[in-house]
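**Q** This is a predicted model, with the sequence first.
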Amino acid sequence: MAVNILGYMERTSPIHKLSGITKLIVFFIWSSVAMLTYDTRVLLVLLIASLVIFQLSKILLKDISFVLIIILAFLALNNVAIYVFSPQEGVQIYGSSHVIWDGAGRYNLTWEQLFYQMNITLKYFVVIPAALLFILTTHPSEFAASLNKVGISYKIGIAVSLALRYIPDIQRDFRTIAQVQQTRGIDLSKNEKLTKRLKNVISIMVPLIFSSLDRIEVISNAMELRSFGKHKQRTWYSARPLLKADVFALMISVVFFIAAMLITFHDGTRFYNPF
């Protein structure tokens, strides 16, 4: 069964109907709140809201399971690295130390450190669904139009949209090349040793790289023949006008940003301290 890595998914949902510029601004506000605050209460509200919005988008977890596994693995590695390199960070932030387990030297496990790393984990779970939703519910062409509307050069917008648009093509090429190589006797299953499997993967990646370079050359020649970049401005076929739903979403986002910042910094620090 083919695994979809990442790309636009056509659905009929309220999130898909929003304008690309609305989703871009909301995502920026959402990410800003998540990055600025360490208030657990605000992060929990963001988490619940992100799960509700994800449900409204009609995107299924099985559609992005591969990406989620990679993200969770990176999250686990990040938490381990935080404790290894700064095991007393929570103690320094919250100004107290409630030891759970006495370790060697500075490697004492404290409630403060667990609480700090829990907030880090919450930040991931808040930002990741929003980022995935933006990519999965926004058509690449509309994304390019949205970038141009906020002042980014349309050349950059087109480059980003092309990158997103051709992710499924690269994935399809990878599967095709892998199947061809397997018919020639190259084994990628667990029956082979890890070193042998890595060597066999290289035999797939090299043709994939060259096919991708060929595609880049074809696209570049086509854009050059059409005088891409000659004018400073351009029109957009996929651009959507702002509707009432867009205005409502933007207003809610701005109000929430203001409320979140007031709650976060009301005591002069962005760290919520339950200790």
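**A** Looks like it came in fine. Numbering: from 1, shown residues only.

**Q** Strands along the stretch 101-250 of the chain, start to end?
**A** With strands called from DSSP state E, counting those that start in this stretch, the stretch 101-250 of the chain shows them at 109-110.

**Q** for it, which spans come out with low pLDDT?
**A** Low-confidence segments of the stretch 101-250 of the chain (pLDDT under 70): 187-192, 194, 238-239.

**Q** show me where it has helices.
**A** 111-137, 140-149, 154-165, 167-183, 194-225, 244-265 (DSSP state H, counting those that start in this stretch).

**Q** what comes up buried for the longest one?
**A** With burial defined by 16 or more other C-beta atoms under 10 Å, the residues of helix 194-225 counted as buried are 200, 204, 207-208, 211. No exception for glycine: its C-beta is placed from N, CA and C like everyone else's.

**Q** and the angle from that helix to helix 154-165?
**A** Per axes from the mean of the first three to the mean of the last three C-alpha atoms, to 10 degrees, the angle that helix 194-225 makes with helix 154-165 is 140 degrees.

**Q** Just give me the neighbour total for residue 275.
**A** Residue 275 sits with 13 neighbouring residues when counted by other C-beta atoms under 10 Å.

**Q** tell me the contacts of it?
**A** 94-96, 98, 111-112, 115 (C-beta atoms under 8 Å, 6 or more residues apart in numbering).

**Q** Out of these, which end up buried?
**A** Buried among the contacts of residue 275 by 16+ other C-beta under 10 Å: 94, 111-112, 115.

**Q** Grab the two from those that are most spread out in space.
**A** 94 and 111 (9.0 Å; C-beta to C-beta).

**Q** What's the local residue count around the nearest residue to residue 107 once chain neighbours are set aside?
**A** Ranked by C-beta to C-beta, 6 or more residues apart in numbering and with sequence neighbours excluded, the top spatial neighbour of residue 107 is residue 87, at 5.0 Å. By other C-beta under 10 Å, the residues close to residue 87 number 17.

**Q** How about residue 56?
**A** Other residues lying near residue 56 total 13 when counted by other C-beta under 10 Å.

**Q** and the gap between it and residue 200?
**A** To residue 200, residue 56 is 43 Å away according to C-beta to C-beta, to the nearest Å.

**Q** Does anything pack onto the helix or strand encompassing residue 91? Which helices or strands?
**A** Residue 91 belongs to helix 89-94 when assigned by DSSP states H and E. Judged by 3 or more C-beta pairs under 8 Å, 6 or more residues apart in numbering; DSSP states H and E, the packing partners of helix 89-94 are helix 111-137.

**Q** Just want the angle from the helix it packs on to helix 154-165.
**A** 100 degrees.

**Q** Off-centre distance for helix 111-137?
**A** Taking C-alpha atoms, centre = their mean, to the nearest Å, one finds helix 111-137 lying 11 Å from the centre of the chain it belongs to.

**Q** Only the buried residues of that helix, if you could.
**A** Using 16+ other C-beta under 10 Å as the test for burial, helix 111-137 gives 111-113, 115-117, 119, 122-130, 132-137.

**Q** Could you check how far the most centrally placed residue in the chain is from residue 26?
**A** In the chain, the residue lying closest to the centroid (C-alpha atoms, centre = their mean) is residue 131, at 4.0 Å. With distances taken as C-beta to C-beta, residue 131 is found 12 Å from residue 26.

**Q** quick one: contacts for residue 136?
**A** Residue 136 makes contact with 6-9, 57, 59, 63-64 under the criterion C-beta under 8 Å, 6+ apart.

**Q** correct me, but residue 99 touches residue 107?
**A** No. Counting by C-beta atoms under 8 Å, residue 99 stays clear of residue 107, with 11.1 Å between them.

**Q** what's the closest non-adjacent residue to residue 242?
**A** Residue 242 sits nearest to residue 19 (C-beta to C-beta, 6+ apart), 5.6 Å away.

**Q** Need the contacts of residue 275 in TSV (columns: distance to residue 249).
**A** Formatted as TSV, the contacts of residue 275 follow (distance: C-beta to C-beta, whole Å):
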residue	distance to residue 249
94	35
95	39
96	41
98	42
111	38
112	37
115	32
